[in-house]
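Quick one, fold the following:
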Amino acid sequence: MSTKARKLTYSLAINEALKQIMKTDDSVFIIGQGVKSPWYVGNTCKDLISLYGEERVIDTPISENAMTGAGVGASLAGMKAVVMHPRVDFSLYAFDPIINQAANWSYMNGGRASVPVVFWLAVNRGGEQAAQHSQDLHSLFSHIPGLKIISPSNAFDVKGLLISAIKDPDPVVFIDDRWLYNKEDVVPEEIYEIPLGQGVIRVTGDDVTVVASSFLVNESVIAAGVLKGEGIKAELIDLRSIKPLDFELIIKSVAKTGRLVIVDGSWATSNIASEISATINEKLFGKLKSSVVRLSLPDSPAPASKTLEAVYYIKSGQIIQAIRNVVNS
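Now for the predicted structure:
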């Protein structure tokens with residue numbers, strides 16, 4: 001990879017990834033609600049219609065099941081669809097084409113057919129949007145065999161992971177957190193790929209392992225910085241992919257530190273943190289210096305009140321306290 005790079009926001013990195021992959025591959029197209037509207041998708045689809053036309057940038061009516069089914073069908077026929085759901089909450093209307101069709105197609109055809117489709121699902125937490133508009137459903141999708149899931153935390157990763165997802169022969173769910181849209185990072189100008197299923201260590205340490213993804217990686221970086229001043233050296237793993245999980249990286253880190261805090265932005269019951277916790281207890285039980293700690297949302301729908309939102313969502317302060325408790329237990 002060359003060194004020619006500049007700062008981009010997360011949302012503009014998505015835009016650049018889409019422009020570059022659509023330029024190099026005529027089979028890639030975007031279909032979804034509001035893909036030509038800044039109100040729906042910010043600047044993630046900026047200029048795409050003027051560059052590639054309405055045949056490859058298809059703004060659909062509000063019919064999640066129909067637009068998703070169209071994207072799956074086109075991908076079966078040799079195209080590569082990127083299906084944009086501006087709110088992950090309403091992708092639930094499209095469970096049949098996502099789960100019954102796309103996720104199962106390769107298996108049911110003995111690997112002789114595949115569905116190279118990306119389901120682009122935007123998370124819209126906060127802003128007093130209440131329970132039906134504030135859900136992060138990555139743990140739900142992770143339960144489904146046949147789906148891969150990416151959950152980037154920064155502009156560099158979102159470009160490389162999205163390009164890899166579009167090139168992948170299997171269906172990929174892209175969990176896109178709008179809380180990251182204005183976050184800047186240094187991003188190479190050229191097209192590049194980040195392999196799916198590979199996590200990365202953001203902060204090194206030997207006292208405790210912290211595992212997070214998406215927006216909560218940034219909150220965990222803040223927490224690690226504060227704790228370093230207290231003499232606690234946390235090692236932070238950014239999952240980048242929710243499925244497959246990079247268990248090799250996690251196990252290696254926890255074997256070194258003997259402690260684990262998992263920060264997961266979904267509800268506490270049956271989430272990604274549960275899966276990681278169970279695996280670590282199976283593989284490293286005798287090497288653990290303390291119990292594994294899961295920091296997740298309460299098993300309650302998201303509140304509409306700004307005051308309640310402030311305590312409902314996980315921020316750096318809660319992560320700091322959880323790490324202190326583990327290290328000092």
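
what ranges do the strands span in the stretch 1-150 of the chain?
Assigned by DSSP state E, counting those that start in this stretch, the strands in the stretch 1-150 of the chain fall at 5-9, 28-32, 57-59, 80-85, 118-123, 148-150.

which one of the ones you listed lies closest to residue 285?
strand 148-150 (27.2 Å; CB to CB). Any C-beta I mention is one placed from the backbone N, CA and C, and that applies to glycine too.

what sits against residue 89?
Neighbour list for residue 89: 124, 132, 133, 134, 135, 137 [criterion: CB atoms under 8 Å, 6 or more residues apart in numbering].

repeat for residue 265
For residue 265, the contact set (CB under 8 Å, 6+ apart) comprises 136, 138, 213, 214, 215, 216, 296, 297, 313, 314.

Please report phi then psi for it.
Note on residue 265: backbone dihedrals following degrees, to the nearest 10 are phi -80, psi 10.

Next one: it relative to residue 292, how far apart?
Using CB to CB, to the nearest Å, residue 265 is found at 18 Å from residue 292.

next one: residue 85
According to CB to CB, residue 85 stands 33 Å off from residue 292.

roughly how far apart are the residue nearest to residue 24 when sequence neighbours are not counted and residue 326?
Nearest non-adjacent residue to residue 24, counting by CB to CB, 6 or more residues apart in numbering: residue 191, 6.8 Å away. In this view, residue 191 and residue 326 are 41 Å apart by CB to CB.

So for the two, which residue has more residues nearby?
Shown here are residue 191 and residue 326; by other CB atoms under 10 Å, residue 326 has more neighbours (24 against 16).

Check whether that one really touches residue 290, as I assumed.
Yes. When contacts are counted by CB atoms under 8 Å, residue 326 is listed as touching residue 290 (5.3 Å).

Identify the contacts common to those two.
residue 259.

picking that back up, of the contacts of residue 89, just say which sits nearest to residue 183.
Using CB to CB, the contacts of residue 89 come closest to residue 183 at residue 124, 16.0 Å.

dump the residue contacts of the closest one.
With CB under 8 Å, 6+ apart as the criterion, the residues that contact residue 124 are 86, 87, 88, 89, 133, 134, 178.

for it, phi and psi?
Main-chain torsions, residue 124, degrees, to the nearest 10: phi -120, psi 60.

Relative to residue 64, how far out is it?
Here residue 124 is placed at a distance of 15 Å from residue 64 (CB to CB).

do residue 301 as well
Distance, residue 301 to residue 64, by CB to CB: 20 Å.

ditto for residue 294
Remark: distance between residue 294 and residue 64 (CB to CB) = 31 Å.

Please apply the same query to residue 159.
The gap separating residue 159 from residue 64 is 26 Å, by CB to CB.

Of those two, give the one with the bigger neighbour count.
The neighbour comparison of residue 159 against residue 64 (other CB under 10 Å) goes to residue 159, with 29 against 22.

Verify the stated contact: residue 215 with residue 153.
Yes. Here residue 215 lies in contact with residue 153, judged by CB under 8 Å, at a distance of 7.0 Å.

tell me the SS of the residue nearest to residue 24?
Here residue 191 is recorded as coil under DSSP: H, G, I helix; E, B strand; the rest coil.

Packing partners of the strand or helix carrying residue 210?
Using DSSP states H and E, residue 210 maps to strand 208-212. With contacts taken as 3 or more CB pairs under 8 Å, 6 or more residues apart in numbering; DSSP states H and E, strand 208-212 sits against helix 215-228, strand 234-238, helix 247-257, strand 260-267, helix 316-327.

so what sits against both of residue 215 and residue 153?
residue 180.

neighbour-wise, which of these two wins?
It is residue 153, of residue 215 and residue 153, that has more neighbours when counted by other CB under 10 Å, with 27 against 22.

is it fair to say the more buried one lies in a helix?
No. Residue 153: not assigned to a helix; according to three-state DSSP it is coil.

Could I get the phi/psi values of it?
phi -120, psi -10.

who's in contact with it?
Contact partners of residue 153, counting by CB under 8 Å, 6+ apart, are 180, 212, 213, 214, 215, 216, 217, 218, 238, 240.

same question, residue 292
Contact analysis of residue 292 by CB under 8 Å, 6+ apart lists 260, 261, 262, 277, 280, 281.

Kindly report the same for residue 131.
Contacts of residue 131 by CB under 8 Å, 6+ apart are 301, 302, 303, 304.

Now do it, the pLDDT please.
Listed pLDDT for residue 131 reads 91.
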